[in-house]
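**Q** Give me a 3D structure for the following:
(2 chains)
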Amino acid sequence: DAMVIQNPRYQVTQFGKPVTLSCSQTLNHNVMYWYQQKSSQAPKLLFHYYDKDFNNEADTPDNFQSRRPNTSFCFLDIRSPGLGDAAMYLCATSSLAGTADTQYFGPGTRLTVL
Amino acid sequence: RKEVEQDPGPFNVPEGATVAFNCTYSNSASQSFFWYRQDCRKEPKLLMSVYSSGNEDGRFTAQLNRASQYISLLIRDSKLSDSATYLCVVAGNNRKLIWGLGTSLAVNP
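**A** Below you'll find the predicted structure:
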């Protein structure tokens, strides 16, 4: 089945220790998104790619970086995680050719910062 | 005013009840509207898109009122498995999704 996959599902890191979260998709969608979601809050968009075009949200901290080496993969790098970065990180995809704006989510990576 | 507003609930209803959620949005230029469902500690999943003419999928009915900038979701014959948070989502012409904070539903036996 076509899907969005995130690895790892759970990530524990130490304060200040860089971490990379990965996302892959078999949907062949042009657009990939990274969201951060904290408890009882709505998902917050960090950045997204239209193909290779990177779009950063104005309020995304510099601590968060992303890479999209090809259509299928997208990475979220947190350079120096702080306690406030503990959250669920959600990857989503959508197709410019498909139903406008419908986004398909991966299962998320739950990040714990010690 | 928040861009997308929902009553956070929680809504506690017995099995078999009918329950309705409402959502208002502030941007009259919004193009697309959705309801997502999110279970505890899981990812959001698309429940249904919302069209001006209203649409129904089994026990779920969604309505859009552009004049009042209002979206609704009706769940009939509630099941225990319907317990979740229901997120109202609106998209503008920049294709970004604006999320409500969600309405929590608990269906009780």
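**Q** Against A:Lys44, how distant is A:Asp59?
**A** 9 Å (Cβ to Cβ, to the nearest Å). Glycine gets a C-beta too; all of them are placed from N, C-alpha and C.
**Q** Looking at those two, which is more packed in?
**A** Neighbour comparison, A:Asp59 and A:Lys44: the larger count goes to A:Lys44, with 16 against 8 (by other Cβ atoms under 10 Å in any protein chain shown).
**Q** Which helix or which strand is home to the nearest residue to that one once chain neighbours are set aside?
**A** Of all residues not flanking A:Lys44 in the chain, A:Gln36 sits nearest, at 5.0 Å (Cβ to Cβ, 6 or more residues apart in numbering or on different chains). Per DSSP states H and E: A:Gln36 is located in strand A:31-37.
**Q** pLDDT averaged over the very next helix or strand once past that strand, what's the number?
**A** Using DSSP H and E, the helix or strand that follows strand A:31-37 in sequence is strand A:44-50. Computed over strand A:44-50, the mean pLDDT rounds to 93.
**Q** Which strands or helices does strand A:44-50 pack on?
**A** strand A:31-37, strand A:53-56, strand A:64-67 (3 or more Cβ pairs under 8 Å, 6 or more residues apart in numbering or on different chains; DSSP states H and E).
**Q** Of all those, which one is nearest B:Asp39?
**A** Among these, the nearest to B:Asp39 by Cβ to Cβ is strand A:31-37 (13.0 Å).
**Q** thought A:Gln37 was touching A:Ala86?
**A** No. Shown here, A:Gln37 and A:Ala86 do not form a contact pair, counting by Cβ atoms under 8 Å, at 11.3 Å.
**Q** Report the central residue of chain A.
**A** Taking Cα atoms, centre = their mean, the centroid of chain A lies closest to A:Trp34, which sits 2.8 Å from it.
**Q** Leaving out the residues flanking it, which one is nearest to it?
**A** Among residues not flanking A:Trp34 along the chain, A:Leu46 sits closest, at 4.6 Å (Cβ to Cβ, 6+ apart).
**Q** Touching, that neighbour and A:Leu21? I think so.
**A** No. The criterion here is Cβ under 8 Å, and A:Leu46 misses it with A:Leu21 at 11.0 Å.
**Q** Mind listing the shared neighbours of these two?
**A** Both A:Leu46 and A:Leu21 are contacted by A:Leu76, under the criterion Cβ atoms under 8 Å, 6 or more residues apart in numbering or on different chains.
**Q** Now do A:Met19: how many residues are near it, please.
**A** Actually, residue A:19 is Val rather than Met. 20.
**Q** which residues does it form a beta bridge with?
**A** Beta-bridge pairing for A:Val19 (DSSP bridges): A:Ile78.
**Q** What confidence value was assigned to it?
**A** At A:Val19, pLDDT is 97.
**Q** near chain A, which residues of chain B?
**A** Within reach of chain A by Cβ under 8 Å from any Cβ of the partner chain, chain B has these residues: B:31-32, B:34, B:41-46, B:49, B:87, B:91, B:95-97, B:99-102.
**Q** Low-confidence bits of chain A, can you list those?
**A** Chain A contains residues with pLDDT under 70 at A:1-2, A:97-101.
**Q** who in it is up against chain B?
**A** Neighbours of chain B within chain A, by Cβ under 8 Å from any Cβ: A:31, A:40-43, A:45, A:48, A:88, A:90, A:94, A:99-108, A:110.
**Q** buried subset of these?
**A** A:31, A:42-43, A:45, A:48, A:88, A:90, A:94, A:101-108, A:110 (16 or more other Cβ atoms under 10 Å in any protein chain shown).
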